[in-house]
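Fold the following and give me the result.
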Amino acid sequence: MNIDRYVFAFAGLMILLSVGLSQVHSVYWLFLTAFVGLNMLQAAFTGFCPLAKVLKSAGSKPGAAFN
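Sure, this is the predicted structure:
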């Protein structure tokens with residue numbers, strides 16, 4: 001897998017996890033969903049993704065979106 005797939009998989013997992021936890025524990029878990037969504041939105045415009053930088057330094061193969 002390349003960095004793009006890791007980033008999208010991690011974002012999707014965090015969104016699903018926070019929505020599930022908001023139903024079971026507290027509605028405040030939806031702030032995590034909002035944070036992930038805002039991070040994805042800013043990454044679309046700036047090209048900067050903190051997780052992509054970490055994965056790149058860890059040696060993952062780059063994809064088309066995050067070089």
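
For the rest of this, base every contact and every neighbour count on C-alpha atoms.
Fine.

Pick out the residue nearest the middle of this structure.
residue 11 (3.1 Å; C-alpha atoms, centre = their mean).

quick one: average confidence on stretch 57-66?
Mean per-residue pLDDT for stretch 57-66: 82.

can you list contacts of it?
Applying C-alpha atoms under 8 Å, 6 or more residues apart in numbering, the set of residues contacting stretch 57-66 from outside is 1, 2, 3, 4, 47, 48, 49, 52, 56.

can you rerun that using 10 Å?
Here stretch 57-66 makes contact (C-alpha atoms under 10 Å, 6 or more residues apart in numbering) with 1-7, 43-44, 47-49, 51-56, 67.

One more: stretch 5-25?
For stretch 5-25, the surrounding residues in contact (C-alpha under 10 Å, 6+ apart) are 3-4, 26-37, 39-40, 49-52, 55, 60, 62-63, 65-66.

rewinding a little: the residue nearest to the centre of the chain: which element?
In the assignment (DSSP states H and E), residue 11 maps to helix 3-24.

mind checking how far that helix is from the chain centre?
7 Å (C-alpha atoms, centre = their mean, to the nearest Å).

which is the next helix or strand following it?
helix 30-46.

what mean pLDDT would you report for that next one?
94.

what's the distance between residue 48 and residue 63?
14 Å (C-alpha to C-alpha, to the nearest Å).

give the contact list for the closest residue to residue 39 other than its chain neighbours.
Nearest non-adjacent residue to residue 39, counting by C-alpha to C-alpha, 6 or more residues apart in numbering: residue 49, 7.5 Å away. Contact partners of residue 49, counting by C-alpha under 10 Å, 6+ apart, are 7, 39, 40, 42, 43, 66.

Pretty sure the fourth one sits against residue 50.
To tie it back to what came earlier, the one meant is residue 42. No - contact criterion C-alpha atoms under 10 Å: residue 42 and residue 50 do not qualify, at 11.1 Å.

What's the local residue count around residue 4?
Residue 4 sits with 20 neighbouring residues when counted by other C-alpha atoms under 10 Å.
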